[in-house]
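**Student:** The following block contains a protein sequence and its predicted model.
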Amino acid sequence: MLCFFVSDLHGRSNRYEALWKAISDDRPDAVFLGGDLMPMWLEQSDFVPSAFRP
């Protein structure tokens with residue numbers, strides 16, 4: 001079973017893009033997200049819909 005664990009992405013789109021690419025390339029069975037995904041939530045409220053929708 002292949003699993004990924006990532007944390008400290010801090011809402012930076014380049015880090016999420018690298019994660020999406022790694023997931024697409026390696027096709028893990030599970031992806032676990034740790035803390036500090038979006039520490040500045042109010043300033044990044046538009047990030048979630050744009051980054052997490054296909």
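**Tutor:** Received, thanks. Numbers count the residues shown, from 1 in each chain.

**Student:** Report the residue spans of the chain with pLDDT below the cut-off.
**Tutor:** Across the chain, the ranges flagged by pLDDT under 70 are 39, 41-43, 54.

**Student:** center of the protein - which residue?
**Tutor:** Nearest to the geometric centre of the chain sits Tyr16, at 4.2 Å (Cα atoms, centre = their mean).

**Student:** Next, that residue: phi, psi?
**Tutor:** Dihedral pair for Tyr16: phi -70, psi -40, per degrees, to the nearest 10.

**Student:** what's stretch 8-23 in contact with?
**Tutor:** 4, 6, 31, 33-40, 44, 47, 51 (Cβ atoms under 8 Å, 6 or more residues apart in numbering). In this view, the C-beta of every residue, glycine as well, is placed from N, C-alpha and C.

**Student:** mind redoing it with 6 Å?
**Tutor:** With Cβ atoms under 6 Å, 6 or more residues apart in numbering as the test, stretch 8-23 has contacts from 6, 36-39, 44, 47, 51.

**Student:** Quick one, which of those are buried?
**Tutor:** 6, 37-38, 44, 47, 51 (16 or more other Cβ atoms under 10 Å).

**Student:** I'd like to know which of those residues is nearest to Arg27.
**Tutor:** Val6 (15.5 Å; Cβ to Cβ).

**Student:** The closest residue in space to Gly34 that isn't next to it in sequence - how many residues pack around it?
**Tutor:** Computed as Cβ to Cβ, 6 or more residues apart in numbering, the closest residue to Gly34 that is not its neighbour in sequence is Ser7, at 2.8 Å. Other residues lying near Ser7 total 11 when counted by other Cβ atoms under 10 Å.
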